[in-house]
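In: predicted model and sequence below, questions to follow.
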Amino acid sequence: MSTLSLQQGLTRNVSGGGIAGNFTEIPIIDLAPLTCPDSSAKDNERLVSEIRGACKTAGFFIIKNHGIDWRIIENAFDGLEEFFALPHEEKMKIHQDQSPSYMGYEQMFYTNVDGLKRGDKKEAVSVAYNPEIDPEGVAKAAIPEPLRRENCWPDRSVCPKFQQSIEAYQMACLSLMRKLIRVMATALGLDESFFDKKTTYPIASVRCLYYPPQEPEEENETGLGAHTDIQMMTLIAQRPYDQPALEVLNAAGDWVRPQITEPECFVVNLSDMMARLTNDVFQSTIHRVRNNNNKAKQRYSLPFFFGLNQDELTTTLPQFVTKENPLKPTYERGMTGYEHYNNRLRKAHTKHPSAKNDVVNLPHSMIKVDGVLIGS
Ligand SMILES: O=C(O)CCC(=O)C(=O)O
Ligand SMILES: [Fe+2]
């Protein structure tokens, strides 16, 4: 049996043979039934079934006809190009080390996510959920103070487009995720509104990424090391839209590149919170980025991560625990998004000042189920 160990504390059996993870390509799913008002019940059923299939095998799929005005995405990439072209000193002014929330800028090689190479050849800016731009969320005042994450934006005089374009991207992604999460609930056999009360102030951050081309001698290096994502689901847009760089690990241990053959598509992938909820029936699949193809160009990407409210307890749903699929030991203890997220960011961001601290979990009295406090 061959096992891949990742620095973030995860191990995966990559010996193959099981159904899960047995894929050789990433499926393309047409979301038209979700976005067209006159879609039939049959179209909707087909969509749910395609999504269920993709979630059980690859844990990754490509979506088209998602209903988002692509000019919002192009503007966001213009914002990224503007920011990453700034002088190093300017970018360092909003460095993540100053942010207890892990928001802000990461310079080249700041992270080394899988610890296998010299580090991640990328630059990034992380942007937190902001309730003030979420038309479907709750007011900022209703969110417990320790769960608010402040953003660090570059000065508008040096970078006029960035903040506005990223906030518009975040709003568009939030609205799409709120639709997709209902399809996911249905695909899991739950009421379609199952996640609604649990996502009133979701973890919904954007990571703005810039990957320079890797040199031929860096063929085996990584732009971002192998990892799984932390939340429930991630949406990824990239520029150029067809640049092969993202790689997804299948059960046979092969890296599969999503083939994006037309513009205006997103890649969607499931993440660890979803795997925890479903006892791994829905897959949180290992992936990495290598911007190393022959014609390698600069690549920009915009993952949008979506998870439950940070104080919501995530426990495995009982219907996914069976004789054939007993509860995974790591899922025995329920965990809040806050604990899960901070632990993982601390592991991935080893140079952050908080990396040496013990993990501070949310007090029991702050934990909720369906938005209702469970302890006192
Ligand atoms: O750049 C990409 O396409 C993916 C980035 C990614 O996997 C992440 O930030 O978690
Ligand atoms: Fe990722």
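Out: In hand now; what should we look at? Ligands and ions are numbered 1, 2, ... in the order given.
In: how about residue 339, secondary structure?
Out: Taking DSSP: H, G, I helix; E, B strand; the rest coil as the rule, one finds residue 339 in the helix state.
In: please work out how many residues are found near it.
Out: Residues contacting residue 339 under the criterion other CB atoms under 10 Å number 20. All C-beta atoms are positioned from the backbone trio N, CA, C, and that covers glycine.
In: now it, nearest residue through space, not along the chain?
Out: Counting by CB to CB, 6 or more residues apart in numbering, residue 361 is the residue found nearest to residue 339 once chain neighbours are left out, at 4.8 Å.
In: measure the residue of the stretch 151-300 of the chain found nearest ligand 1 to residue 288 for me?
Out: Shortest the stretch 151-300 of the chain-to-ligand 1 distance, computed as CB to the nearest ligand atom: residue-wise this is residue 246, at 4.1 Å. Computed with CB to CB, to the nearest Å, the distance linking residue 246 and residue 288 is 8 Å.
In: so what's the closest residue to residue 65 other than its chain neighbours up against?
Out: Take residue 65 and drop its neighbours on the chain: the residue closest to it by CB to CB, 6+ apart is residue 32, 4.3 Å away. Contacts of residue 32 were listed using CB atoms under 8 Å, 6 or more residues apart in numbering, and they are 39, 43, 65.
In: so which strand or helix has the closest residue to the second one other than its chain neighbours?
Out: This means residue 43. For residue 43, the nearest residue in space outside its immediate sequence neighbours is residue 33; the separation is 3.9 Å by CB to CB, 6+ apart. Applying DSSP states H and E as the criterion places residue 33 in helix 32-35.
In: name the next helix or strand downstream of that helix, please.
Out: Beyond helix 32-35 on the C-terminal side, the first helix or strand identified by DSSP H and E is helix 41-57.
In: that following helix - contacts with which helices or strands?
Out: Counting contacts by 3 or more CB pairs under 8 Å, 6 or more residues apart in numbering; DSSP states H and E, helix 41-57 is packed against strand 28-30, helix 32-35, strand 60-64, helix 162-187.
In: one step back: surely the residue of the stretch 151-300 of the chain closest to ligand 1 touches residue 267?
Out: Yes - with contacts defined as CB atoms under 8 Å, residue 246 counts as touching residue 267 at a distance of 6.6 Å.
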